[in-house]
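Peer 1: with the sequence up front, the predicted model follows.
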Amino acid sequence: MAATKIPDMSAASFEEGLAHAYAHLDRRELDGQFALILIDGRAGSGKTRFAKELAERFFSEHKFLPKMLSMDDIYPGWEGLQAGSVYLQERVLSPLADGRPASWQLWNWELGERGQNEPGNGIRSHEPGSPLIVEGCGSISRENSQLATLRIWIESDTETRRARFSERDEGRFDGFFGIWAAQEDAFYGENRPLELCDLIVRN
């Protein structure tokens, strides 16, 4: 599922990045090819916004939304970045790459376990062949990158990211920023996603 490197995109703006990502998604859809996009970057970099705007742009042309999966829904808690990346590979990416349906269970942050108080107990699924956009820290690992058609890194400075992180949840989780950042350092130091991605977007 290797994607062609996009030339001269080491410092793409948000809009330029969206245009290139949409072109990839649109081209594969028109050619009848499965698109699987991974969007990674440190906390507060703007991954969720990028994924949503990409999906909305696709909907405006094709009249259906690609499936979206947020890593926030599958991390097993605040110390689960690495485990979430492995879960993504085992339960979502590998099955789809093999032409099999993917199935995963949402993490209940209040109860500290998988499953939700809803019909189906938080089980989600996705069929191979339909476009999928995954966004979140740890989505681009060395193993996961081989199973995607496009890998995107969202870059932003630490001060801006910290402010967004705090504003998003009105400061309720500010105490976890350092804990999460330490996991990012370890994960990104080992997997080196900037060397694996096809597109870098500055936000």
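Peer 2: Looks like it came in fine. All values reported here derive from a predicted model rather than from experimental measurement.
Peer 1: how about the strands in this structure?
Peer 2: Ranges of strands within the chain are 36-40, 67-70, 102-105, 107-108, 113-114, 123-126, 132-135, 150-155, 199-202, based on DSSP state E.
Peer 1: can you list those in JSON lines and add mean pLDDT and distance to F58?
Peer 2: Heads up, the C-betas are built off the backbone N, CA and C, glycines and all. As requested, these are exported to JSON lines (pLDDT from 0 to 100; distance: least, Cβ to Cβ, whole Å):
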{"stretch": "strand 36-40", "mean pLDDT": "98", "distance to F58": "10"}
{"stretch": "strand 67-70", "mean pLDDT": "97", "distance to F58": "11"}
{"stretch": "strand 102-105", "mean pLDDT": "97", "distance to F58": "19"}
{"stretch": "strand 107-108", "mean pLDDT": "96", "distance to F58": "27"}
{"stretch": "strand 113-114", "mean pLDDT": "95", "distance to F58": "29"}
{"stretch": "strand 123-126", "mean pLDDT": "96", "distance to F58": "16"}
{"stretch": "strand 132-135", "mean pLDDT": "98", "distance to F58": "9"}
{"stretch": "strand 150-155", "mean pLDDT": "97", "distance to F58": "13"}
{"stretch": "strand 199-202", "mean pLDDT": "96", "distance to F58": "16"}
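Peer 1: and of these, who's closest to S141?
Peer 2: Closest approach to S141 among these is made by strand 36-40 (9.0 Å; Cβ to Cβ).
Peer 1: the closest one pairs with which strands, parallel or anti?
Peer 2: For strand 36-40, the paired strands and their directions (DSSP bridges) are strand 132-135 (parallel), strand 150-155 (parallel).
Peer 1: give me the distance from it to the chain's centre.
Peer 2: How far strand 36-40 lies from its chain's middle: 5 Å, per Cα atoms, centre = their mean, to the nearest Å.
Peer 1: over to stretch 188-199?
Peer 2: Chain-centre distance of stretch 188-199: 13 Å, with Cα atoms, centre = their mean.
Peer 1: now it: buried residues?
Peer 2: Residues of stretch 188-199 classed as buried by neighbour count (16 or more other Cβ atoms under 10 Å): 188, 191, 193, 196-199.
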